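Q: Mind looking at a prediction? Sequence and model below.
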Amino acid sequence: MRILIYSYNYYPEPIGIAPLMTELAEGLVKRGHQVRVITAMPNYPERQIYEGYRGKLYLTEYKNGVQIQRSYVWTRPQPNLLDRILLDASFVVTSFFPALMGWRPDVILSTSPSLPVCVPAAILGWLRACPVILNLQDILPEAAIHVGLLKNKWLIKAFTALEKFAYCSANKISVIADGFVDNLQKKGVPSEKIVQIPNWVDVNFIRPLPKENNPFREVHNLKDKFVVLYSGNIALTQGLETVVKTAAMLRHIPDVAFVIVGEAKGLQRLQQECTEHGADNVLLLPFQPREQLPQMLAAADVGLVVQKKNVVSFNMPSKIQVLLASGRALVASVPKNGTAARAIKQSGGGFVVPPEDPQALAKAILDLYQNPDKVKNLGFQSRKFAVEQYAFEQALNNYEALCYSLTTENSTINSPIISEQKV
C-alpha cells in the first residue's frame with residue numbers, strides 16, 4: 001500500500017507522538033509499504049525550530065525508507081492561546097501543498113493533536129478518493145478546556161464543531177485506550193467507526209537492565225540511592241508540583257532521590273518549586289539522547305506517572321508503556337476513574353494514588369522503599385504485561401490490518417463505477 005501519515009510531530013523530536021509515528025512509519029516500510037509523512041519542522045517540546053531546520057519553508061528528507069515532507073510552522077517558546085492557534089493554522093496551510101503534490105495515497109492516517117489537521121486530511125481524502133483514519137492521541141478540545149487553556153466560549157464552540165467534523169469526516173477512528181471509546185460513544189460516534197489500538201513500545205529496545213554499574217546512576221551520583229523517576233512532558237495536564245512537594249516530605253530519608261527529566265522551561269519552573277519547598281533531593285535533568293533511554297529507565301527503582309484531577313478520559317500518557325517495558329514498579333498519581341489508572345491497574349505493575357495529593361504519593365513511595373521484594377515483583381509484572389499487550393509488532397499488525405480493510409472496502413465501493421464505464 002501507499003500510506004500517507006499526516007502528523008505534526010515526527011523524528012527527531014524525542015518524546016510523545018513523534019517516536020510513535022516514526023516507529024510506525026518505519027515499521028510499515030519494513031513490511032513492504034510505501035510511506036510518506038507530512039510533518040512540521042521539528043520544534044517540540046521547546047517550541048523552537050531545531051538547528052538545521054530554521055529559515056526553511058519546505059524540506060524533504062528520507063530516513064529508513066520513509067519520505068518525510070516538512071513545512072514551516074509558527075512557533076513561540078512560551079506560546080499563549082493565540083500562538084497555539086497560529087501554530088496549528090500555519091501547519092494546516094503550509095502542509096497541504098506538499099501533501100497534495102505527492103503521490104496518491106491508498107490510505108491517510110492523521111494524528112490528533114493537532115486537531116485542525118483533520119481539515120486538510122479530509123480534503124485530501126476527498127480529492128484523492130482515499131479513506132482517512134483519524135488517530136486520537138488526546139481528545140481535543142476537551143483536554144484544553146479541562147486544563148484551563150481554552151476558556152473563550154466562541155473558541156470552545158468553534159473547536160467543538162471542528163471535533164465533530166473530524167469524527168464525521170474520518171472513515172475510521174483509532175483510539176489508544178478504552179476510556180477514549182466511552183468518550184466518543186457518548187458524543188454519538190458509531191461504535192463500528194471506532195477501533196482501539198493501544199500505543200506500543202519497542203520491548204527489544206526498552207528492556208529491564210541491571211541497576212549495578214548503571215552509567216546514568218554513576219554520572220549523576222545515584223549509585224546507592226532509591227531512585228524515583230519522572231521523565232516526560234512538563235505540561236498543564238501533569239501537575240508536577242505534586243512530585244516536588246512529595247520529595248520535600250521525604251527529604252529526611254537520604255537514600256531516596258527524585259529525578260525529573262524534561263524540557264528546559266518546565267525544569268526552570270520546577271526549580272523554583274524545589275527552592276520554595278526545600279526539596280533538595282530532586283535532581284532536574286534535560287531530556288537524554290534516545291540511545292541512552294534504556295539505561296536511564298533502568299536507573300530507576302520506581303517510575304512515576306502524574307496527572308491532575310481533571311484529566312480523566314481524554315489523555316493516556318505514552319510513558320506508561322515505556323515504564324512497564326523497562327521492568328520497573330510504577331506509582332501513578334492520577335484520577336482513579338481515568339484511562340491511565342485503568343491501564344496501570346490492568347498491568348499489575350504499580351499503584352494508583354489520588355492525584356494532586358503529595359501525602360498519598362509519599363506514602364506509596366515510602367512503602368516501596370521499605371519493601372524491596374514488592375518493588376521486584378511489581379517490576380516483573382510490568383515487563384510481562386508490556387510484552388504481552390504493548391509489543392510493537394502487535395500494534396503494527398493492527399494498523400496494517402486496518403489500512404488493508406479500508407483499501408479493500410474503498411476498491412469495492414469504486415469497482416461498480418469502473419464496471420459501468422467499461423460496459
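A: Sure, I can see it.

Q: P208: what's it in contact with?
A: Applying CB atoms under 8 Å, 6 or more residues apart in numbering, we find P208 in contact with 298, 326-328, 379, 383. Every C-beta, even on glycine, is put in place using the N, C-alpha and C of the backbone.

Q: of the residues you listed, closest to V29?
A: S326 (26.7 Å; CB to CB).

Q: Tell me how many other residues crowd that closest one.
A: 27 (other CB atoms under 10 Å).

Q: before we move on, what about the one 3 residues further on?
A: Here the neighbour count serves as a burial measure; for A329 (other CB under 10 Å) it reads 26.

Q: what helix or strand is the closest residue to it other than its chain neighbours on?
A: Leaving aside its chain neighbours, A329 sits nearest to L378 (3.7 Å; criterion: CB to CB, 6 or more residues apart in numbering). Applying DSSP states H and E as the criterion places L378 in helix 372-389.

Q: Show me what that helix is packed against.
A: With contacts defined as 3 or more CB pairs under 8 Å, 6 or more residues apart in numbering; DSSP states H and E, the packing partners of helix 372-389 are helix 319-325, strand 329-333, helix 339-347, helix 358-370.

Q: To V306, which of the ones you listed lies closest?
A: It's strand 329-333; of these, that one is closest to V306 (CB to CB) at 4.9 Å.

Q: Could I get the buried residue list for that closest one?
A: 329-333 (16 or more other CB atoms under 10 Å).

Q: What angle do helix 358-370 and the helix or strand where A247 lies make with each other?
A: According to DSSP H and E, A247 maps onto helix 241-249. With axes from the mean of the first three to the mean of the last three CA atoms, to 10 degrees defining the directions, helix 241-249 sits at 60 degrees from helix 358-370.

Q: What angle do strand 329-333 and helix 241-249 make with each other?
A: 110 degrees.

Q: What's the first helix or strand after helix 241-249?
A: Defined by DSSP H and E, the subsequent element after helix 241-249 is strand 256-262.

Q: Quickly list the domain ranges of the protein.
A: 2-200+391-422, 215-389 (automatic domain parsing).

Q: how far does the shortest one sit from the chain's center?
A: Centroid separation between domain 215-389 and its chain, computed with CA atoms, centre = their mean, to the nearest Å, is 16 Å.

Q: coming back round to it: show me which of the domains of the chain has the highest average neighbour count.
A: Per-stretch averages of neighbours, counted by mean count of other CB atoms under 10 Å, single out domain 215-389 among the domains of the chain, with a mean of 20.

Q: quick one, which of the helices and strands packed on helix 372-389 is nearest to P12?
A: Checked against CB to CB, the stretch from the helices and strands packed on helix 372-389 lying closest is helix 319-325, at 17.6 Å.

Q: Need the domains of the chain in JSON lines (columns: mean pLDDT and distance to R207).
A: Converted to JSON lines, the domains of the chain look like this (pLDDT from 0 to 100; distance: least, CB to CB, whole Å):
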{"stretch": "domain 2-200+391-422", "mean pLDDT": "90", "distance to R207": "12"}
{"stretch": "domain 215-389", "mean pLDDT": "93", "distance to R207": "6"}
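
Q: out of those domains, which comes closest to L209?
A: domain 215-389 (3.6 Å).

Q: Would you mind measuring the gap between the ends of that closest one?
A: Taking CA to CA, to the nearest Å, the first and last residues of domain 215-389 lie 30 Å apart.

Q: and if you look at stretch 301-321?
A: 16 Å.

Q: Pull the contacting residues for A279.
A: 244-245, 247-248, 251, 258, 273.

Q: let's see it at 6 Å
A: Counting by CB atoms under 6 Å, 6 or more residues apart in numbering, A279 touches 244, 247-248.

Q: Same question for R36.
A: 4, 67, 102.

Q: Reformat the residues you listed into JSON lines and put distance to A170 next to each item.
A: JSON lines is the format used below for these (distance: CB to CB, whole Å):
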{"residue": "L4", "distance to A170": "14"}
{"residue": "Q67", "distance to A170": "23"}
{"residue": "G102", "distance to A170": "20"}
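
Q: when you check these against the strands, which ones overlap?
A: Using DSSP state E, the members of the contacts of R36 that fall within strands are 4, 67.

Q: State the distance from Y8 to E393.
A: With distances taken as CB to CB, to the nearest Å, Y8 is found 26 Å from E393.

Q: about what we covered before: in CSV, list the contacts of P208 along with distance to A362.
A: Shown next, in CSV, are these (distance: CB to CB, whole Å):
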residue, distance to A362
A298, 24
S326, 23
G327, 24
R328, 19
G379, 21
R383, 26
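
Q: And those, which is closest to Y230?
A: For the contacts of P208, the nearest to Y230 is R328 (12.1 Å; CB to CB).

Q: Which residues are in contact with the closest one?
A: By CB under 6 Å, 6+ apart, the contact set of R328 is 300, 303, 379.
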